[in-house]
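J.: I'd like to go over a predicted model; first the sequence, then the structure.
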Protein chains: 2
Amino acid sequence: MSIHEEMDCRIENIESIIKKYLPEESGYQKTIFEAMNYSVLAGGKRLRPMLMLETYRLFGGESAVIEPFMAAIEMIHTYSLVHDDLPAMDNDEYRRGKKTTHAVYGEAIGILAGDALLNYAYETAAGAFSLEPENVNIGKAFQVLAKKAGVYGMVGGQTVDVESEGMESIERDRLDFIYRLKTGALIEASMLVGAILAGASEEQQEIIERVAAEVGLAFQIQDDILDVTSTLEVLGKPIGSDEKNQKATYVTFEGVDKAAEEVERLSVDAMKQLEGLPFKNPFLMDLLVYLIHREK
Amino acid sequence: MSIHEEMDCRIENIESIIKKYLPEESGYQKTIFEAMNYSVLAGGKRLRPMLMLETYRLFGGESAVIEPFMAAIEMIHTYSLVHDDLPAMDNDEYRRGKKTTHAVYGEAIGILAGDALLNYAYETAAGAFSLEPENVNIGKAFQVLAKKAGVYGMVGGQTVDVESEGMESIERDRLDFIYRLKTGALIEASMLVGAILAGASEEQQEIIERVAAEVGLAFQIQDDILDVTSTLEVLGKPIGSDEKNQKATYVTFEGVDKAAEEVERLSVDAMKQLEGLPFKNPFLMDLLVYLIHREK
């Protein structure tokens, strides 16, 4: 089976898990339930819950305690897209060929649906306390999830990104900061929560955090490269959008060749770190290589 | 000391606790940190953390584990105001005589500051796991907080409220639902979290939930009454705004006299429930009476 076939198969499994935690569309709040489910079910590769589950498995995790956290990280990722698409933010009417949430339900419900998903993510993850009340790792996983999603993580990155749009030029440090927080932090949360819930040692957690940071950065740089080197047909969205929007990227700073070298360097280091662990998960390795070197 | 002097004194103490948990305004995310702190420090009576602390004390709670939850509930309350004030929602430029968050920082940062505060509330509350890793009540308190703040609580109430604005008339059941969720749910969360963290029994938690629901509803009906019977001077904001906005309220359905009777009935029942408990907290009783019968 190719990595794509393997992924499709696993995406189906992950979506069946996520669906178990979505709200039923009934009662006075019907509209917000519909808007939440519409947003979450609008597609996507479910990379974050997939990385979480595979890291959990890497460290021998076998319990259902991972499931509410898998649903939670996808809800957090989704809420960030719903709010990013709002008129006051990126003002996008379409995402992955579908109308965005506020385009379907109006701006007020768009804001509330994002709020609802963010809150519901924590409500869902908190369900893990009922599954295993004595498991002290759940509290630790919670702390990591909230930190990586918040002002010292994703929301922090979004803010600096929004502010940078108005600037004539931005420095390299600032770009690194945005990449590390806006994209990287949730990848780190995904893999770290998997490791923590499976009982990985502090030292192993540090290795996973480093691997995730490298994968997140390589993933984002590859995005910049594809925006320059790919075609509309392969990518499924217009190329050259960064140049058109005068957006500073890793490629703007370093050029395509150096950017590709950096992706390679990050990839090699991440793999080396993972291979040094006393556990193996071949699919996780394939998945990370695919994410880093993907062509769309 | 009058209840007002007593409250002022305690508000100061609560604010010093909340401030300990606010982010430092430095680094690339400086703007979002400033917007968060501006929103939280814009005033208010800190009723929710006050109710939480006093319910915690009622059941004999004495540990610092309550503090991150007190900060968290005020952050959740604040984020809901920040998003409520947005142009796509109530479009308010001022609140308590101060510019609203989006009016100062722009709409994009207004949205992100709300997101940041909601997330930071859970991040802050999760700090309690580091204080007492083996305390299973923390996980339970977390579950209650997230549920009451979310689609089955406050956000659910906000949604139905937003949708009802477009309706020619709304039924009484729908109004009750909005009151119970939009205002009531966070009052319930405040008192329940205090009770749970102090180790109250399941039965005692049920009593507290009922008391909080009654107090929340009475508080909201009193709001409706004051909008009709008070004056600009006493209330500090224009009266008659519900009628002007053609907003259905408890007073619209029942008239002022019946509404006042309902406040009395709820108040008497709440006090009776509390008096049946084997614990006493005279200030909590005074506070609840004040909240229900306040004149502004």
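T.: Yep, that arrived. Numbers count the residues shown, from 1 in each chain, chains lettered A, B, ... in the order given.
J.: and A:Leu226, what is it in contact with?
T.: A:Leu226 is in contact with A:235, A:239, A:294-296, counting by C-beta atoms under 8 Å, 6 or more residues apart in numbering or on different chains. Where you see a C-beta, it was placed from the backbone N, CA and C, and this is true even at glycine.
J.: restrict those residues to contacts with chain B.
T.: Residues of the contacts of A:Leu226 in contact with chain B (C-beta under 8 Å from any C-beta of the partner chain): none.
J.: Top of those by number of neighbours, please.
T.: Counting neighbours by other C-beta atoms under 10 Å in any protein chain shown, A:Ile239 leads the contacts of A:Leu226 with 17 neighbours.
J.: isn't it right next to A:Thr231, touching?
T.: Yes - contact criterion C-beta atoms under 8 Å: A:Ile239 and A:Thr231 qualify, at 6.5 Å.
J.: right, and the pair among the contacts of A:Leu226 with maximum separation?
T.: Spatially, the most separated pair among these is A:Ile239 and A:Arg294, at 14.7 Å (C-beta to C-beta).
J.: Apart from its neighbours in sequence, what residue is nearest A:Tyr290?
T.: The shortest distance from A:Tyr290 to any non-neighbouring residue, by C-beta to C-beta, 6 or more residues apart in numbering or on different chains, is to A:Ile3 (4.8 Å).
J.: what about the one you found, neighbour count?
T.: A:Ile3: 14 surrounding residues under other C-beta under 10 Å.
J.: How about A:Gly106?
T.: By other C-beta under 10 Å, the residues close to A:Gly106 number 16.
J.: Likewise for the one 3 residues further on?
T.: Counted with other C-beta under 10 Å, the neighbours of A:Ile109 add up to 21.
J.: helices and strands around the host helix or strand of it, which ones?
T.: A:Ile109 is part of helix A:107-126 when elements are defined by DSSP states H and E. In terms of contacts (3 or more C-beta pairs under 8 Å, 6 or more residues apart in numbering or on different chains; DSSP states H and E), helix A:107-126 is packed against helix A:30-40, helix A:66-84, helix A:101-105, helix A:136-149, helix B:66-84, helix B:107-126, helix B:136-149, helix B:154-164.
J.: With respect to burial, which of those helices scores highest?
T.: helix B:107-126 (a mean of 27; mean count of other C-beta atoms under 10 Å in any protein chain shown).
J.: and the next helix or strand after that helix, how far out from the chain's middle?
T.: Per DSSP H and E, the first helix or strand lying C-terminal to helix B:107-126 is helix B:128-131. In this view, helix B:128-131 has its centroid 24 Å away from the chain centroid, taken as C-alpha atoms, centre = their mean, to the nearest Å.
J.: And helix B:128-131, what's buried?
T.: B:128-129 (16 or more other C-beta atoms under 10 Å in any protein chain shown).
J.: right, is that helix up against chain A?
T.: Yes - contact of helix B:128-131 with chain A (C-beta under 8 Å from any C-beta) involves B:129-130.
J.: helices or strands next to that helix in the packing?
T.: helix A:136-149, helix B:66-84, helix B:136-149.
J.: quick one: which of those is nearest A:Gly44?
T.: helix A:136-149 (16.9 Å).
J.: can you state the direction angle for the closest one and helix A:66-84?
T.: Going by axes from the mean of the first three to the mean of the last three C-alpha atoms, to 10 degrees, helix A:136-149 is angled at 10 degrees with respect to helix A:66-84.
J.: touching chain B at all, helix A:136-149?
T.: Yes - legend: contact between helix A:136-149 and chain B by C-beta under 8 Å from any C-beta is shown at A:136, A:138-140, A:142-143, A:146-147, A:149.
J.: Make CSV from the contacts of A:Leu226 and add secondary structure to it.
T.: Below are these laid out as CSV (DSSP: H, G, I helix; E, B strand; the rest coil):
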residue, secondary structure
A:Leu235, helix
A:Ile239, coil
A:Arg294, coil
A:Glu295, coil
A:Lys296, coil
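J.: Specify which member of these is nearest to A:Met191.
T.: So of the contacts of A:Leu226, ranked by how close each gets to A:Met191 (C-beta to C-beta), first place is A:Arg294, at 17.8 Å.
J.: so who does that closest one touch?
T.: When contacts are counted by C-beta under 8 Å, 6+ apart, A:Arg294 touches A:222, A:226.
J.: hang on, isn't A:Glu163 packed against B:Gln29?
T.: No - using C-beta under 8 Å, A:Glu163 is not in contact with B:Gln29; the gap is 9.2 Å.
J.: For the stretch 151-296 of chain A, which residues are neighbours of chain B?
T.: The stretch 151-296 of chain A comes close to chain B at residues A:151-152, A:155-156, A:158-160, A:162-163, A:174, A:177, as judged by C-beta under 8 Å from any C-beta.
J.: Mean pLDDT and distance to A:Leu192 for the helices and strands packed on helix A:107-126 - can I get that in TSV?
T.: TSV is the format used below for the helices and strands packed on helix A:107-126 (pLDDT from 0 to 100; distance: least, C-beta to C-beta, whole Å):
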stretch	mean pLDDT	distance to A:Leu192
helix A:30-40	98	22
helix A:66-84	98	11
helix A:101-105	98	28
helix A:136-149	97	5
helix B:66-84	98	21
helix B:107-126	98	14
helix B:136-149	97	19
helix B:154-164	95	28
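J.: So for B:Val289, which of the ones you listed sits nearest?
T.: Closest approach to B:Val289 among those is made by helix B:66-84 (21.5 Å; C-beta to C-beta).
J.: The next helix or strand after that closest one pairs with which strands, and in what direction?
T.: Counting by DSSP H and E, the next helix or strand C-terminal to helix B:66-84 is strand B:94-95. Neighbouring strands of strand B:94-95 in its sheet, by DSSP bridges, are strand B:98-99 (antiparallel).
J.: Let me know the average pLDDT across the partner strand.
T.: The average pLDDT for strand B:98-99 rounds to 96.
J.: contacting residues around that strand?
T.: By C-beta under 8 Å, 6+ apart, the list of residues contacting strand B:98-99 reads B:42-43, B:93.
J.: Those also near chain A: which ones?
T.: When C-beta under 8 Å from any C-beta is applied, no member of these is adjacent to chain A.
J.: Against B:Pro282, how distant is the residue lying closest to A:Gln143 once chain neighbours are set aside?
T.: What sits nearest to A:Gln143 in space, not counting adjacent residues and going by C-beta to C-beta, 6+ apart, is B:Ala126, at 4.4 Å. Distance of B:Ala126 to B:Pro282, computed by C-beta to C-beta, to the nearest Å: 33 Å.
J.: one step back: determine the angle, from 0 to 180 degrees, between the helix holding A:Ile109 and helix B:136-149.
T.: Helix A:107-126 and helix B:136-149 are oriented at 160 degrees to each other (the same axes, to 10 degrees).
J.: what's the angle from helix A:107-126 to helix A:30-40?
T.: 70 degrees.
J.: any idea how far helix A:107-126 is from the chain center?
T.: Averaging C-alpha positions (C-alpha atoms, centre = their mean) puts helix A:107-126 16 Å from its chain's average.
J.: Next: stretch A:93-111.
T.: 20 Å.
J.: Ok, stretch A:23-32 next?
T.: Mean-position distance between stretch A:23-32 and its chain equals 27 Å (C-alpha atoms, centre = their mean).
J.: Pull up the distance across that stretch, start to finish.
T.: For stretch A:23-32, the separation between the terminal residues is 10 Å (C-alpha to C-alpha, to the nearest Å).
J.: And that stretch, what's buried?
T.: For stretch A:23-32, the neighbour count (16+ other C-beta under 10 Å) marks A:23, A:28-29, A:31-32 as buried.
J.: who's in contact with that stretch?
T.: Contacts of stretch A:23-32 (C-beta under 8 Å, 6+ apart): A:33-34, A:36-37, A:105, A:109, A:112-113, A:116, A:120, B:151-152, B:155-156, B:159-160, B:163, B:174, B:177.
J.: ok, now with 7 Å
T.: A:33-34, A:36-37, A:105, A:109, A:112-113, A:116, B:151, B:155-156, B:159-160, B:163, B:174, B:177 (C-beta atoms under 7 Å, 6 or more residues apart in numbering or on different chains).
J.: Equivalent analysis for stretch A:191-211, please.
T.: Applying C-beta under 7 Å, 6+ apart, the external contacts of stretch A:191-211 come out as A:51-53, A:55-56, A:59-61, A:65-66, A:69, A:137, A:140-141, A:144-145, A:188, A:212, A:270, A:273-274, A:277.
J.: No more questions from me, cheers.
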